[in-house]
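I'd like to go over a predicted model; first the sequence, then the structure.
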Amino acid sequence: MTTVSPPPSKPARPAAPALSAAARHRGLSRRTVAARRVLTALIFFAALTYGWHLLSLSLPPMKQLMFPPPEKVWHYLTQSVQPSRLQADHTRWEYFRAVVTNSDLFTAMRVTMSRLLLGYIAGVLIGVPLGILTARYRWAEDTLGVVGLGLQTLPSVCWVPLALLWFGQTENAMLFVVVMGTVWSVQIAVDNGMRSVPPIYQRAARTMGSTGLHTWWYVMLPASLPFIVSGVKQGWAFAWRSLMAAEIYVAIQSGLGLGQLLHYGRDLSAMDQVIGVMFVIVVIGLLADKILFSPWERFLHKRWGTVRT
């Protein structure tokens, strides 16, 4: 008599493992490192501000006019964001809208940012294709590359007299200076970035049958995107410098920007205004870097395996 053995039972699905102690430790250590970095930065800037305060107070009263304490700069910033026109029975939203639309500082920021974005976008749209062209063709490198390298060494303020003679005291003069300060820095950075792609990528693509423009479009260009973003970021810095030079030297009635506020602060010997506007420019630059450029740089470097360890 044969005995029939029962069918083998399916193995029970193992329970999802709990979060390991090592993983919890890694998460905790990351939060600890982030909190430590924030605390270190806060202590540094607090000490820097306090040292600035002590140094200003140690100067004679006449010298303090040229080196005001931080509280005087803060007073200028708070006063310059007060709206010039506001109804007596305003709501909180109406006050905020009046601050953005009617205050002197926000109006200057809006004028400057509109000029900057317009000239910067135009410069990037011209500079990126030029950089790809000079990296792809030897004749472009020997001609346009040499022109770009030479014009990049020219300070942005040198374009101001030429812009005034060609366009007069108009917005076109501002735009011309910003574009000329942006194009060549972006072109050189993109060119260098395209040449920094490891040659093994191109050889592997050719082994799999890719040739010509197909290799450049599907292999070289995506691999060079981290370097192109770095070049676009560098162009942003040069666009800022060019626009400040243009706004300081070109006085137009279509709108007063941050450069004009710097210029008028110098004429009035109002160093609190000069330092306050410089502080605003630095904050805008840091926000643009941390919000726009740095996340894209980290993502693309991680995507293509070029992240620094």
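Here it is on my side, so go on. Numbers count the residues shown, from 1 in each chain.

Please, where are all the helices along the stretch 201-309 of the chain?
With helices called from DSSP state H, counting those that start in this stretch, the stretch 201-309 of the chain shows them at 212-215, 221-223, 225-249, 258-267, 271-288, 294-303.

Single out the most deeply packed of those.
Most buried of the helices of the stretch 201-309 of the chain, by mean neighbour count (mean count of other C-beta atoms under 10 Å): helix 225-249, with a mean of 22. For the C-beta atoms, the positions are set from N, CA and C on the backbone; glycine is no exception.

Would you mind getting the angle between it and helix 294-303?
Helix 225-249 and helix 294-303 are oriented at 160 degrees to each other (axes from the mean of the first three to the mean of the last three C-alpha atoms, to 10 degrees).

name the helices or strands packed onto helix 225-249?
helix 104-136, helix 159-167, helix 171-195, helix 258-267, helix 271-288, helix 294-303 (3 or more C-beta pairs under 8 Å, 6 or more residues apart in numbering; DSSP states H and E).

Let's see that with 6 Å instead.
Contacts defined by 3 or more C-beta pairs under 6 Å, 6 or more residues apart in numbering; DSSP states H and E place helix 225-249 against helix 104-136, helix 171-195, helix 258-267, helix 294-303.

among those, where is the model least confident on average?
Looking at the helices and strands packed on helix 225-249, the lowest mean pLDDT belongs to helix 294-303 (a mean of 75).

Show me what it packs onto, helices and strands only.
Applying 3+ C-beta pairs under 6 Å, 6+ apart, we find helix 294-303 packed against helix 225-249.

Let me see the residues that make contact with the helix it packs on.
115-116, 120, 124, 156-157, 160, 174, 177-178, 181-182, 185-186, 189-190, 193, 196, 257, 259-260, 263, 293, 296-297, 300-301, 306 (C-beta atoms under 6 Å, 6 or more residues apart in numbering).

How far off centre is that helix?
With C-alpha atoms, centre = their mean, to the nearest Å as the basis, helix 225-249 stands 8 Å off its chain's centre.

what do you get for stretch 111-129?
For stretch 111-129, the distance to the chain centre is 13 Å (C-alpha atoms, centre = their mean).

swap in stretch 31-43?
Counting by C-alpha atoms, centre = their mean, stretch 31-43 is centred 23 Å from the centre of its parent chain.

Give the rounded mean pLDDT of the one helix or strand residue 200 maps to.
Taking DSSP states H and E as the criterion, residue 200 maps to helix 199-207. Computed over helix 199-207, the mean pLDDT rounds to 80.

Show me what counts as buried in that helix.
201-202, 205 (16 or more other C-beta atoms under 10 Å).

ditto for stretch 46-63
Those would be 52, 56, for stretch 46-63 by 16+ other C-beta under 10 Å.

start at 42 instead
Let's use 42 as the start, then, which means that last one is stretch 87-104.

Just the mean pLDDT for that stretch, thanks.
For stretch 87-104, mean pLDDT rounds to 88.

how about that stretch as CSV, C-alpha atoms only?
Included here for stretch 87-104 are C-alpha records, laid out as CSV according to Å, rounded to 0.1, in the frame of the first residue of the first chain:
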residue,chain,number,x,y,z
ALA,A,87,26.3,86.1,14.2
ALA,A,88,30.0,86.5,15.2
LEU,A,89,30.7,88.4,11.9
THR,A,90,27.8,90.8,12.5
TYR,A,91,28.8,91.4,16.1
GLY,A,92,32.4,92.0,15.0
TRP,A,93,31.1,94.5,12.4
HIS,A,94,29.1,96.2,15.1
LEU,A,95,32.1,96.5,17.4
LEU,A,96,34.4,97.8,14.7
SER,A,97,31.9,100.4,13.6
LEU,A,98,31.4,101.7,17.2
SER,A,99,35.1,101.9,17.8
LEU,A,100,35.5,104.4,15.0
PRO,A,101,35.2,108.2,15.4
PRO,A,102,31.7,109.6,14.6
MET,A,103,32.8,111.0,11.2
LYS,A,104,34.3,107.6,10.2
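
where does the stretch 242-350 of the chain dip in pLDDT?
For the stretch 242-350 of the chain, residues meeting the criterion pLDDT under 70 lie at 294-295, 342, 345-350.

repeat that for 80
Applying pLDDT under 80 to the stretch 242-350 of the chain picks out residues 242-243, 251-265, 267-268, 271, 290-297, 334-350.

Looking at the helices and strands packed on helix 266-290, spot the one closest to residue 83.
Of all these, helix 335-344 sits nearest to residue 83, with 19.9 Å by C-beta to C-beta.
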